[in-house]
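> Need coordinates for the following:
(one chain, ligands or ions: 1)
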Amino acid sequence: MKRIVTIQDISCLGKCSLTVALPLISAMGVEAAIIPTAVLSTHTMFKNFTCKDLDDQIVPITDHWKQEGFHFDGIYTGYLASAAQVKTVMSVIDKLKTDDTMIIVDPAMADNGKMYPAFDSDFPKEMAKLCGMADVILPNITEASFLTGTPYKEQYDEAYIRELLHKLAALGSKTVILKGVQLDGKYGVLCYDAASDSYSAYWHEKLPVGYHGTGDIFSSVFVGARMRGKTIEESVRIAADYTVECIRVTNDRKGSNWYGVDFETVIPKLVEKL
Ligand code: PXL
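Below you'll find the model as predicted:
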């Protein structure tokens, strides 16, 4: 069985970061070790959330694993608590990776043109360095604009998307997967492979609602699918279809929660795809 470590926060309630990465990656038949970077009462879209930074635990956990000689097939990072913590995580990757470790970075820090509440203006610069260590990065358009210092646009054309993809690849990652792209009435995910200078797109349905945590769900399923031997294009398709289905069932259910999707009920369909 493949083993990955995912490095991100634990929002105790809210269906994002580790509370979705763990069940999804496990259900996909991949061992998921974790390094929790912070404990929050909820994700930061709630008012008055608490947050305990676990920065001082990250290196001791890593060093213990090093002594034990654990091997990781993948390292997947998500929401990180501070610019200083991004540096710590880069040192962890240096310690844990081997030649066959796939590094996947979801630069979870912004959406809809805005940074998440907990971050200051130093954060994107550090996150851009972490992206430079990755085999694959998975930003949305807002994150792409902050990472590359490109003005955020709500209306854009293909040239803007290509500019973002090239600037993101220039940070150093081999593959860029840009989520939430809207072009010519189509909606979906664009992939850019730097080595072959080639693009691919996966267009999918856009439902007229948005929920928190769907980026984390997409990334977690992408990681699971890659570890189960699917290609990048297949993994994008599985991740996008699953995420859309989660949004659909949540939107269809009377009394569903505003803070996250009903990803649990769609897990059986996901497992069938592997
Ligand atoms: O879904 C990304 C995410 C992860 N973790 C925390 C968050 C968010 C998004 O707001 O607040 C703590």
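
> So which residues on the stretch 101-250 of the chain come close to the ligand?
Residues of the stretch 101-250 of the chain found near the ligand (Cβ under 6 Å from any ligand atom) are 108, 116, 212-213, 215-216. C-beta coordinates here come from the backbone N, C-alpha and C atoms, glycine included.

> Give me the buried subset of those residues.
For these, a burial check counting by 16 or more other Cβ atoms under 10 Å picks out 108, 212-213, 215-216.

> Ala169 reaches Ile177, doesn't it?
No. Ala169 is beyond contact range of Ile177, at 11.1 Å (criterion: Cβ atoms under 8 Å).

> Looking at the residues of the stretch 101-250 of the chain next to the ligand, which is nearest Ile4?
Nearest to Ile4 among these: Asp216, at 14.5 Å, using Cβ to Cβ.

> so what's Gly224 up against?
24-25, 27-30, 274 (Cβ atoms under 8 Å, 6 or more residues apart in numbering).

> Make JSON lines out of the residues you listed and add pLDDT, secondary structure and neighbour count.
As requested, the contacts of Gly224 are exported to JSON lines (pLDDT from 0 to 100; DSSP: H, G, I helix; E, B strand; the rest coil; neighbours: other Cβ atoms under 10 Å):
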{"residue": "Leu24", "pLDDT": "98", "secondary structure": "helix", "neighbour count": "25"}
{"residue": "Ile25", "pLDDT": "98", "secondary structure": "helix", "neighbour count": "24"}
{"residue": "Ala27", "pLDDT": "98", "secondary structure": "helix", "neighbour count": "19"}
{"residue": "Met28", "pLDDT": "98", "secondary structure": "coil", "neighbour count": "22"}
{"residue": "Gly29", "pLDDT": "98", "secondary structure": "coil", "neighbour count": "13"}
{"residue": "Val30", "pLDDT": "98", "secondary structure": "coil", "neighbour count": "22"}
{"residue": "Leu274", "pLDDT": "94", "secondary structure": "coil", "neighbour count": "14"}
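
> Just put the residues you listed in a markdown table and tack on distance to Arg162.
What follows is the contacts of Gly224, written out as a markdown table (distance: Cβ to Cβ, whole Å):
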| residue | distance to Arg162 |
| --- | --- |
| Leu24 | 31 |
| Ile25 | 32 |
| Ala27 | 36 |
| Met28 | 32 |
| Gly29 | 36 |
| Val30 | 33 |
| Leu274 | 32 |
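
> ok, the residues you listed vs the ligand, which is closest?
Leu24 (13.3 Å; Cβ to the nearest ligand atom).
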